[in-house]
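Visitor: heads up, no residue letters with this:
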């Protein structure tokens, strides 16, 4: 089965899934990247082992409206059996690609994250008809979590076949970290993310101010809200110590993770959130907002972490206080966190499910897919 996979740019969060798909003997995979690198990401280059092409797209207004004349030739004279479109609904390339695939009678699946609930009203009004246009023409839908599928069915009325495929990266640097095997003398919380409104770091700093037990917090990232966040951190002193590390190279994240005991992930929206999986692999329990899709999929409250309401400062303060009062439980939570990666998160199993899904769509280009594939 020949598969063309269209996506924005090489990502370390996608590469292991693509490599696993490429390893399948029955799959002939070609990956098409709109761009070689994203200006706002310091990830390095992770194109994977599959044959790949760069479109060299340019962003018309600087907010994801990518255009490349190569879109019209990249499908090739010999069309693939199926295409996976993992590009933005705001990109002209996406619509050109879909029109071309349909002209050549190539079925495609649309692969997307849950859209942000904190977008402005104009964005929300425009994306509804755009996404419905795409979904109406898609042969299937793929989301990174099962909750994503439910969202697209309820929010956009999608009734077609669907499956889920989480993101995967090389987690070996995190799995090799020493586990938390003894109660620490002083618990250290880690917050990793851009210093923006969407990441919700202000929530955990406001919560920390209410916490009575002394704690440490490391904040890693850079962004426009740094001054506000530093002001909130000062209000937590002297009982707590908050350190801002700024942006760090992507490859140094495991070293930072090794310094902490618990990851805090208070994002107001995250379509997946790979840092959840990185922390679990490192044996660090995760306290995440219920707007983080990876946490909704993999956190087992009270066992490997907790899910808390977005923006609920009291709930975050209570949870941090509870952790600080029970440091002897950290090794138990840490062991459960790492076990989640070993038992519930397998790239080969996830790719096998995806291949099974795609294979069912190929011979059914003009007919419906069996009910077994309705998720």
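Guide: Structure's in. What do you need? What you see is a predicted model; the values in this text were computed from it and never measured.
Visitor: contacting residues around the residue nearest the centre of the chain?
Guide: In the chain, the C-alpha nearest the mean C-alpha coordinate belongs to residue 272, at 2.7 Å (Cα atoms, centre = their mean). By Cβ atoms under 8 Å, 6 or more residues apart in numbering, the contact set of residue 272 is 13, 113, 144, 145, 166, 167, 293, 294. Using the backbone N, CA and C atoms, a C-beta is placed for each residue, glycine as well.
Visitor: got the contact list for the nearest residue to it once chain neighbours are set aside?
Guide: Excluding its sequence neighbours, the residue lying closest to residue 272 (Cβ to Cβ, 6 or more residues apart in numbering) is residue 144, at 4.5 Å. When contacts are counted by Cβ under 8 Å, 6+ apart, residue 144 touches 113, 164, 165, 166, 167, 271, 272, 293, 294.
Visitor: Does the closest residue to residue 213 other than its chain neighbours fall in a helix, a strand, or a coil region?
Guide: Once flanking residues are discounted, residue 213 sits nearest to residue 324: 3.6 Å by Cβ to Cβ, 6+ apart. Secondary structure, DSSP: H, G, I helix; E, B strand; the rest coil: residue 324 is helix.
Visitor: Count the residues that sit near residue 324.
Guide: 17 (other Cβ atoms under 10 Å).
Visitor: thought it was touching residue 185?
Guide: No: contact criterion Cβ atoms under 8 Å: residue 324 and residue 185 do not qualify, at 12.0 Å.
Visitor: Show me the contact partners of stretch 201-214.
Guide: For stretch 201-214, using Cβ under 8 Å, 6+ apart, the contacting residues are 186, 189, 191, 193, 195, 215, 217, 219, 221, 225, 228-229, 232-233, 235-236, 239-240, 242, 264, 266, 289, 310-314, 316-317, 320-321, 324-325.
Visitor: how near is the closest residue to residue 224 other than its chain neighbours to residue 226?
Guide: Using Cβ to Cβ, 6+ apart and skipping residues adjacent in sequence, the residue nearest residue 224 is residue 196, 6.5 Å away. Residue 196 sits 10 Å away from residue 226, going by Cβ to Cβ, to the nearest Å.
Visitor: Please report how far the residue nearest to residue 272 lies from residue 1.
Guide: Remark: distance between residue 144 and residue 1 (Cβ to Cβ) = 22 Å.
Visitor: average pLDDT for stretch 121-128?
Guide: The average pLDDT within stretch 121-128 is 84.
Visitor: re earlier: how much space is there between the residue nearest to residue 272 and residue 112?
Guide: 9 Å.
Visitor: same thing with residue 182?
Guide: Here the criterion is Cβ to Cβ. By it, residue 182 lies 43 Å from residue 112.
Visitor: When those two are compared, which one has more neighbours?
Guide: Remark: of residue 182 and residue 112, residue 112 carries more neighbours, 21 against 10, as counted by other Cβ under 10 Å.
Visitor: and the closest residue to that one other than its chain neighbours, what pLDDT?
Guide: Using Cβ to Cβ, 6+ apart and skipping residues adjacent in sequence, the residue nearest residue 112 is residue 143, 6.6 Å away. On the pLDDT scale, residue 143 is placed at 98.
Visitor: and the helix or strand harbouring residue 19, what other elements does it pack with?
Guide: Assigned by DSSP states H and E, residue 19 belongs to helix 15-23. Contact here means 3 or more Cβ pairs under 8 Å, 6 or more residues apart in numbering; DSSP states H and E; on that basis helix 15-23 packs against strand 2-7, strand 28-33, helix 347-361.
Visitor: Outside of the longest one itself, list whatever touches it.
Guide: So that's helix 347-361. Outside helix 347-361, the residues that reach it (Cβ under 8 Å, 6+ apart) are 1, 3, 16-17, 20-21, 24, 26-27, 82, 84, 107, 109, 139-140, 142, 161, 163-166, 168, 369-370, 373.
Visitor: For residue 298, give me its contacts.
Guide: Residues near residue 298 by Cβ under 8 Å, 6+ apart: 276, 277, 280, 304, 340, 344, 345.
Visitor: just checking, residue 11 is part of a strand?
Guide: No: per three-state DSSP, residue 11 lies outside any strand segment and is coil.
Visitor: does it really touch residue 46, like I thought?
Guide: Yes: assessed by Cβ under 8 Å, residue 11 is found in contact with residue 46 at 6.2 Å.
Visitor: In contact with the residue nearest to residue 290 when sequence neighbours are not counted, which residues are there?
Guide: Leaving aside its sequence neighbours, residue 290 sits nearest to residue 307 (Cβ to Cβ, 6+ apart; 4.8 Å). Residues counted as contacts of residue 307 (Cβ under 8 Å, 6+ apart) are 288, 289, 290, 295, 296, 299, 301.
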